[in-house]
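Q: I need the structure of the sequence given here:
(one chain, ligands or ions: 1)
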Amino acid sequence: MTKAPQPLAEVFGHLPAEVINIASVPQRSPFRYPGGKTWFIPRLREWLMTREKKPELLVEPFAGGGIISLTSVCEDLVKSALMVELDKEIAAVWETAVSGEAGWLADRILEFEMNIDNATDEINRRSDSLRDIAFRTIIKNRCFHGGILAAGSGFLKKGEAGKGILSRWYPETLARRFRNIALISEKLEFRHADAFDVLDEYTDKENTVFFIDPPYTAGGKNAGKRLYTHYDVDHNLLFQKCVNLSGDFIMTYDNATEVKELAEKYRLQAKPVPMKNTHHAEMTELVVGRNLDWMEGIDRVLEERVVYSEAT
Ligand SMILES: C[S@@+](CC[C@H](N)C(=O)[O-])C[C@H]1O[C@@H](n2cnc3c(N)ncnc32)[C@H](O)[C@@H]1O
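A: This is a model prediction of the structure:
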């Protein structure tokens, strides 16, 4: 249950600027993630901080890069978080990181000499140990175009300043992010599972909140297919499951007619949030929920390329 929204100046000590620069949001995820929700972090704080009671648990059923769970736990916005992801490669990273092996991953990253030959060898290794899949996934995520792991993706050719695969390889930053995850791993749970099953399991849980960011692209299924291995989601069923949750939830979507119609059908509120993507193209994303009164004003969000730089 949300209470009357607290003035934002009280929550943050100042009023947010019209343009929220994502470069000022701590980047805690080790992933570069297509459709990553860094831009939503200022909103996430508003949503969770204006609640009467700190939620026991945040469930992130489509975790991807996991920025929402990591930030919620690190900033003490919730007591713990459950991350869920179906993709085997992404799952291997989270399983490794939250099961006491984040330090091993950090060391492996620091020891690795990144060049095209070593990266190719690593990616072609057949080993199916969880640790090896996890490390291979990190390499692909950092060195493949757009961080995309889905079939058809491949090495960055030019990258930043013609640096090719080296342009997103920041070993110290990555190692630090994994070590920071180790520090909060007691409050993180990960499940390699289907979001729909976990939603069923948590339907009646009180004082639990859900952040729901399913794969969706207004460009249709083919666009989703390029970004994610698992992209086919029954959105109508997802809405149905969400409205049955005892806990509060937020969904984020592309601003598409189909989504607005679903929100209307299930009597939910939807607010567009203008943002700029990494290529500075104007886009609008939709936030959907039962009650969005806490979203005062709509700030424009600027997602800058610097998000993935060494400094963040
Ligand atoms: C839009 S992305 C989430 C991005 C994430 N919010 C972030 O900030 O990085 C959607 C994710 O859902 C995953 N996914 C797709 N279908 C799923 C399912 N049925 N259960 C769990 N995860 C699923 C995809 O693999 C993808 O990682």
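Q: distance of the residue of the chain positioned farthest from its centre relative to residue 126?
A: In the chain, the greatest distance from the average C-alpha position (C-alpha atoms, centre = their mean) is reached by residue 117, at 30.2 Å. Here the criterion is C-beta to C-beta, to the nearest Å. By it, residue 117 lies 17 Å from residue 126. C-betas here are computed from N, CA, C, even on glycine.
Q: now residue 149
A: For residue 149 relative to residue 126 (C-beta to C-beta), the value is 18 Å.
Q: which positions in this structure make contact with the ligand?
A: Residues of the chain found near the ligand (C-beta under 6 Å from any ligand atom) are 33, 35-37, 61-62, 64-65, 67-68, 84-87, 90, 194-196, 213-215, 228, 230, 233.
Q: just the ones of these in strands?
A: The strands, defined by DSSP state E, take in residue 84 from the residues of the chain next to the ligand.
Q: separate out the buried members of the residues of the chain next to the ligand.
A: Buried residues within those, counting neighbours by 16 or more other C-beta atoms under 10 Å: 33, 35-37, 61-62, 64-65, 67-68, 84-87, 90, 195-196, 213-215, 228, 230, 233.
Q: which intervals of the stretch 1-150 of the chain have sub-threshold pLDDT?
A: 1-24 (pLDDT under 70).
Q: show me where it has its strands.
A: Here the stretch 1-150 of the chain has its strands, by DSSP state E, counting those that start in this stretch, at 19-21, 57-60, 80-84.
Q: closest to residue 28 out of the ones you listed?
A: Closest to residue 28 of those is strand 80-84 (C-beta to C-beta; 11.9 Å).
Q: find me the pLDDT at the closest residue to residue 269 other than its chain neighbours, would you?
A: Leaving aside its sequence neighbours, residue 269 sits nearest to residue 292 (C-beta to C-beta, 6 or more residues apart in numbering; 4.5 Å). pLDDT, residue 292: 92.
Q: also residue 278?
A: 56.
Q: same question for the one 5 residues further on.
A: Residue 283 carries a pLDDT value of 73.
Q: with residue 205 instead?
A: So, for residue 205, pLDDT stands at 97.
Q: the chain: helices as residue ranges?
A: 8-12, 41-49, 67-74, 88-96, 102-111, 116-124, 130-143, 171-184, 195-201, 221-227, 235-243, 257-265 (DSSP state H).
Q: so which of those is nearest residue 284?
A: Distance to residue 284, taken as C-beta to C-beta, is lowest for helix 257-265 among the helices of the chain, at 11.2 Å.
Q: list the contacts of that closest one.
A: With C-beta atoms under 8 Å, 6 or more residues apart in numbering as the test, helix 257-265 has contacts from 216, 235-236, 239, 253, 269-270, 286, 288.
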